[in-house]
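*Asks:* Requesting a structural model of the entry that follows:
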Amino acid sequence: SIKKLSPTPPEVSKKSGQEEALSCETLSVESGLTALGFHLATLPVDPRVGKMMIFGAMFGCIDPALTIAASMTARNPFMSPFDKRDAADAARKAFATEGSD
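*Replies:* Model prediction:
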């Protein structure tokens, strides 16, 4: 059964999830899931990023909203594991151009 596969999350996780849903206006105490929450539930992104994408579409500025959303969800390309820092620095230096910023 599904209960065996998925353990119940700790109360702290439940509470923080509810607080985030209330602050993003995706959940209301009175009526449960809001219209915004319904639409955000269909997007495979963080609720705050999804909210920005939806409002970007509503206000006619979807291109900048998607650019910002993509930069918020992408991993920093300059991060490297601590034990492989020297190799990462050497690889980065291979792309360095003299006189560039």
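
*Asks:* which regions of the chain sit below the pLDDT cut-off?
*Replies:* Filtered on pLDDT under 70, the chain yields the residue ranges 1-6, 77-78, 99-101.

*Asks:* Pick out the residue closest to the middle of it.
*Replies:* In the chain, the centroid-proximal residue (CA atoms, centre = their mean) is residue 46; its distance is 3.9 Å.

*Asks:* ok, for that one, nearest residue in space, not its chain neighbours?
*Replies:* Spatial nearest neighbour of residue 46, excluding adjacent residues (CB to CB, 6 or more residues apart in numbering): residue 73 at 7.0 Å. C-beta here means a position set from N, CA and C on the backbone, and glycine is covered the same way.

*Asks:* Contact partners for that neighbour?
*Replies:* Listed by CB atoms under 8 Å, 6 or more residues apart in numbering, the contact partners of residue 73 are 45, 46, 49.

*Asks:* Export these to CSV and append columns for secondary structure and distance to residue 69.
*Replies:* CSV is the format used below for those (DSSP: H, G, I helix; E, B strand; the rest coil; distance: CB to CB, whole Å):
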residue, secondary structure, distance to residue 69
45, coil, 7
46, coil, 9
49, helix, 5
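
*Asks:* Strands along the protein, start to end?
*Replies:* 27-28, 32-33 (DSSP state E).

*Asks:* so what strands line up beside the first one?
*Replies:* It stands for strand 27-28. Next to strand 27-28 in the sheet, as set by DSSP bridges, lie strand 32-33 (antiparallel).
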